[in-house]
Structure formats: structure tokens, C-alpha cells
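Q: next comes the sequence, and after it the predicted model I'd like to discuss.
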Amino acid sequence: MPHFLDLHTTDALALRAIVDRARALKAARAGRPRGAPDDLQPLSGRIVALIFEKPSTRTRVSFDVGIRQMGGQTMVLSGSEMQLGHGETIADTARVLSRYVDAIMLRTFDEAVLAEMAEHATVPVVNGLTNQSHPCQIMADVMTWEEHRGAVAGRRVVWAGDGNNVCASWLHAAGQFGFDLTFTGPALLDPADGPVRFARAAGRRIAIERDPMVAVAGADLVVTDTWVSMHDSQSARERRHNLLRPYQVNERLMAVAAPGALFMHCLPAHRGEEVTNAVMDGPASVVWDEAENRLHAQKAILGWCLGV
């Protein structure tokens with residue numbers, strides 16, 4: 001079953017084909033009204049369940065719109081409606097949903113929930129985000145880089161801030177797409193060992209640099225994410241701000257990057273915290289293209305999963 005669970009568990013050639021198809025899908029829609037269906041409707045007659053244990057804006061809207069453009073229908077379910085794993089096992093839920101729908105997108109907290117869903121589903125399962133990774137976002141990010149600057153292979157990316165789930169997927173992408181990555185952030189928030197080992201085993205240079213000015217010097221791309229989660233307590237938020245304040249992406253930091261360097265953020269952004277307005281709205285920023293490209297990348301992912 002061609003699940004899309006993580007970048008490091010999907011074949012690198014398949015990832016390249018997905019990005020290339022996403023760019024073709026975007027080009028085919030150029031000049032068309034946003035609500036217009038695609039010329040080809042490969043999901044006609046198919047239903048995709050979109051399950052959200054975690055709140056979402058971009059993931060929910062982009063999957064919903066993309067499936068409709070491809071001729072399919074969506075069934076949006078929240079964790080509270082399903083009580084996933086409570087009252088019925090995740091395995092049994094997977095078995096039942098597989099009798100009703102053609103694919104499942106799951107946005108959840110625990111990666112084990114995603115793994116169990118995929119193990120027992122008889123339809124493709126797509127990782128819409130877990131606490132450990134966010135592969136759909138990074139597929140859109142790779143697509144965004146390449147439509148602005150060409151092949152990502154051989155480039156140097158800097159991740160500034162918290163070594164979180166999005167950072168983990170960037171590390172997986174480094175191994176699969178062939179670029180180097182430097183993490184700059186406090187030691188308490190270093191990225192997990194597994195993604196670092198994966199990228200290094202693939203021959204990529206993965207560096208840890210505490211000085212953000214040294215880390216960003218000559219970088220082709222600078223990426224960051226929010227410092228706090230909506231579930232963090234006030235005391236946790238204050239601790240994180242104190243730790244991460246030196247790693248804010250601002251004009252001074254971007255000035256030492258390579259000429260033509262880009263800035264990315266998966267959104268939502270807390271302006272004035274992890275990034276300044278001048279960078280978010282400046283010429284290096286491609287954050288709105290990233291957000292749009294979630295739509296195209298996820299359509300290509302679903303097409304790959306369903307073989308259409």
C-alpha cells in the first residue's frame with residue numbers, strides 16, 4: 001500500500017516524481033479561477049477522509065480544495081467527533097474507514113497513531129502532521145525553492161530556532177533531495193538524533209552551529225518556525241522565548257546569507273518573535289508561495305498514493 005508517512009520512508013525517486021508532478025499541476029492551473037476543476041479529474045468518484053486531531057488552517061483548506069479540484073469528495077472529521085483511540089482501537093477505526101473511503105489523511109499528535117492507522121488501513125494513509133514530522137509541508141517547500149532557484153541538490157539550508165517536527169522533515173529531505181543543512185538554535189532544542197543520522201548516512205553535511213550569524217553566513221535558504229505551540233503553558237512560552245530570542249530571523253541575519261538567499265516559514269508566523277515583519281514581507285520571503293504550494297504538492301501526493 002503506497003502510504004505517504006514520512007520523507008525518509010518514501011523512495012527518493014518517488015519524491016522527485018511527486019515534486020515534478022506538483023509543478024506540472026500548478027502550471028496547468030495558471031490563469032484558471034481558483035474554484036475551477038482541473039482539466040483531468042483523477043479523483044472523480046473517490047472520497048478522502050480528512051481527520052484532524054490537531055487544529056489546522058492550511059492543511060485542512062489545501063487538502064479539501066485540492067481533492068475537489070481533482071474531482072473527489074472529502075469527509076472532514078475531528079478528533080472529538082471520532083475519539084480516535086478511545087472507545088475503539090485505532091486499528092479497528094482504520095479497518096472500518098477503509099470500507100468507506102478511498103484514502104485517509106491524518107493530522108495527529110503521536111506518530112504511533114499514524115503508524116497504527118497505516119498498518120491496518122487497506123487504503124492509502126497520508127501524514128498531514130505529527131509531533132515528529134511534517135512531510136507534506138517540506139514537499140511544498142522543495143517545490144517552492146525549485147520554482148524560484150532551480151534544483152535544490154547541492155544547496156545549503158539553515159534552520160534557525162527550535163529543532164521541531166518541521167525541522168525533522170527538512171533533515172529527511174536533505175538526505176532524499178541531496179542538500180546540506182545547518183541547524184542553529186539552543187542545545188536544549190536540538191533536532192532529534194534520528195533525522196540527523198538519516199541525512200548524514202545519505203552523505204549530506206549536517207552541522208550544528210550555536211552562533212546564528214556564523215550559521216547563516218553564505219546560506220542559500222533560511223527557514224524558521226514558531227517558537228511556541230498553542231498547547232504550551234505561559235511559563236513554557238516564556239522559557240522558550242528566552243532561549244530562542246538570539247535566533248530571530250531579522251534583517252541583520254539575512255544580510256549575511258548568500259546573495260539571492262530565500263526565506264521560508266511554514267506558517268502561522270508570530271511576527272516580531274521568530275521573524276520580523278521586514279523579513280516576512282521582504283524580497284527574500286516566499287512564504288505565500290509555500291502556502292499555495294501545499295495545495296499542488298498534496299494533490300500530487302494523493303495522485304501518487306492512489307496511482308492516478
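A: Happy to help now that I have it. A quick note: this is a predicted structure, and the numbers were derived from the prediction, not measured.

Q: contacts and neighbour counts: CA atoms only from here.
A: OK.

Q: distance check, the nearest residue to Gly71 once chain neighbours are set aside against Val279.
A: Distances taken as Cα to Cα, 6 or more residues apart in numbering place Ser44 nearest to Gly71, at 4.3 Å, with adjacent residues excluded. Distance of Ser44 to Val279, computed by Cα to Cα, to the nearest Å: 41 Å.

Q: for Val101, same thing?
A: 42 Å.

Q: same thing with Gly71?
A: 38 Å.

Q: show me the strands in the stretch 51-200 of the chain, by range?
A: 73-78, 103-107, 125-129, 156-160, 180-184 (DSSP state E, counting those that start in this stretch).

Q: what's the last one in contact with?
A: Outside strand 180-184, the residues that touch it by Cα atoms under 8 Å, 6 or more residues apart in numbering are 154-161, 163, 171, 174, 190-191, 204-212, 215, 247.

Q: among those residues, name the ones in helices.
A: Among these, the members found in helices (DSSP state H) are 171, 174, 212, 215.

Q: related to what we said a few turns ago, of all the strands of the stretch 51-200 of the chain, which lies closest to Trp227?
A: Nearest of the strands of the stretch 51-200 of the chain to Trp227, taken as Cα to Cα: strand 156-160 at 10.3 Å.

Q: using CSV, write out every CA atom in that closest one.
A: The C-alpha trace of strand 156-160 is given here as CSV (Å, rounded to 0.1, in the frame of the first residue of the first chain):
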residue,chain,number,x,y,z
ARG,A,156,22.9,24.9,1.8
VAL,A,157,19.8,25.3,4.1
VAL,A,158,19.9,26.8,7.6
TRP,A,159,17.2,26.0,10.1
ALA,A,160,17.0,28.7,12.8
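
Q: got the angle for it vs strand 180-184?
A: 20 degrees (axes from the mean of the first three to the mean of the last three Cα atoms, to 10 degrees).

Q: and for strand 156-160, what's in contact with it?
A: Strand 156-160 has contacts (Cα under 8 Å, 6+ apart) with 167, 179-185, 212, 215-216, 219-225, 247-249.

Q: how far out from the middle of the chain is that strand?
A: 15 Å (Cα atoms, centre = their mean, to the nearest Å).

Q: can you give the strand pairings for it, parallel or anti for each?
A: strand 180-184 (parallel), strand 221-224 (parallel) (DSSP bridges).

Q: Val65: what's it in contact with?
A: Leu295.

Q: among the ones in helices among the contacts of strand 180-184, who's most crowded?
A: Leu171 (34 neighbours; other Cα atoms under 10 Å).

Q: mean neighbour count, the strands paired with strand 156-160: which tops it?
A: A comparison of these by mean neighbour count, using mean count of other Cα atoms under 10 Å, puts strand 180-184 on top with a mean of 26.

Q: greatest separation within the ones in helices among the contacts of strand 180-184: which pair is it?
A: Ala174 and Pro212, at 19.7 Å, using Cα to Cα across those.

Q: thinking again about what came up before, of all the strands paired with strand 156-160, which lies closest to Leu243?
A: Per Cα to Cα, nearest to Leu243 of these: strand 180-184, 12.0 Å.

Q: what about the helices in this protein?
A: 12-28, 58-69, 79-82, 90-100, 111-120, 135-149, 165-177, 193-201, 212-216, 234-244, 251-254, 277-280, 287-306.

Q: count the neighbours of Ala28 for me.
A: 13.

Q: scratch that, Asp6 is what I was asking about
A: Asp6, neighbours per other Cα under 10 Å, totals 19.

Q: and what of Tyr247?
A: 24.

Q: contacts only, for it.
A: 160-161, 184-185, 212, 274.

Q: same deal with Ala115?
A: With contact set as Cα under 8 Å, 6+ apart, Ala115 has these partners: Leu5.

Q: which pLDDT does the model give it?
A: Looking at Ala115, its pLDDT reads 98.

Q: likewise for the one 4 residues further on?
A: In this model, Glu119 is scored at 98, pLDDT.

Q: check contacts around it.
A: Ala91.

Q: same question for the one 5 residues further on.
A: Contacts for Pro124 (Cα under 8 Å, 6+ apart) come out as 1-4, 102-104, 118, 305-306.

Q: cutoff 10 Å now
A: Neighbouring residues of Pro124 by Cα atoms under 10 Å, 6 or more residues apart in numbering: 1-5, 48, 98, 101-105, 117-118, 302, 304-306.

Q: and the residue lying closest to Ala284 once chain neighbours are set aside, how far is that from Val249?
A: Counting by Cα to Cα, 6+ apart, Ala284 lies nearest to Leu262, which is 4.6 Å off, once chain neighbours are set aside. Going from Leu262 to Val249 by Cα to Cα gives 12 Å.
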